[in-house]
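Q: Next comes the sequence, and after it the predicted model I'd like to discuss.
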Amino acid sequence: MEQGDNPDFYAQGTIPGRPRLIGTRSERVAVRAIKSGECRDATDAQRKLFPNLDPTTVHRMFIRKGYNGCIWWKKPWLSHKHV
């Protein structure tokens, strides 16, 4: 197997393309903020954690992480009298 100049099999080369605006650690921080209730949605997370980014960028990051961009309606409380 040809290695070229680097004899290290586990060496990772540079990735071509534009650098990511949100790093992996920042993504984890944002997901933790959503899970804990500190932030309510992607726009709220953008305002608190990433003020220099567009809200659409943060929204796409949450979609990539597997979170839908919706806020659930509150369900009415049904007591025994209602049922």
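A: Looks like it arrived, so ask away. It should be emphasised that the depicted structure is a prediction, and the values quoted were computed from it without experimental measurement. Residues are numbered from 1 along each chain as shown.

Q: Give me the helices and strands touching the one helix or strand residue 31 maps to, please.
A: Using DSSP states H and E, residue 31 maps to helix 24-36. Other helices and strands packing on helix 24-36, by 3 or more C-beta pairs under 8 Å, 6 or more residues apart in numbering; DSSP states H and E, are helix 42-49, helix 55-65. Using the backbone N, CA and C atoms, a C-beta is placed for each residue, glycine as well.

Q: Also compute the angle for the longest one relative to helix 42-49, please.
A: Here the directions of helix 55-65 and helix 42-49 differ by 110 degrees (axes from the mean of the first three to the mean of the last three C-alpha atoms, to 10 degrees).

Q: and the angle for helix 55-65 with helix 24-36?
A: Angle of helix 55-65 versus helix 24-36, following the same axes, to 10 degrees, is 80 degrees.

Q: and what of the first one?
A: With the same axes, to 10 degrees defining the directions, helix 42-49 sits at 120 degrees from helix 24-36.

Q: can you list contacts of helix 42-49?
A: Around helix 42-49, the neighbours that count as contacts under C-beta atoms under 8 Å, 6 or more residues apart in numbering are 26, 29-30, 33-34, 38-39, 53-55, 57-59, 61-62, 69.

Q: farthest-separated two in those residues?
A: In the contacts of helix 42-49, the most distant members under the criterion C-beta to C-beta are 38 and 54, with 20.6 Å between them.

Q: Tell me how many other residues crowd the nearest residue to residue 59 once chain neighbours are set aside.
A: Closest residue to residue 59 in three dimensions, ignoring its sequence neighbours and counting by C-beta to C-beta, 6 or more residues apart in numbering: residue 42, at 4.0 Å. Residues near residue 42, counting by other C-beta atoms under 10 Å, number 22.

Q: Same question for the helix holding residue 31: list its buried residues.
A: With burial defined by 16 or more other C-beta atoms under 10 Å, the residues of helix 24-36 counted as buried are 26, 27, 30, 31, 33, 34.

Q: Next, find the distance separating the residue nearest to residue 59 from residue 17.
A: 23 Å (C-beta to C-beta, to the nearest Å).

Q: Just list the residues touching residue 10, thanks.
A: Shown here is residue 10, which makes no contacts under the criterion C-beta under 8 Å, 6+ apart.
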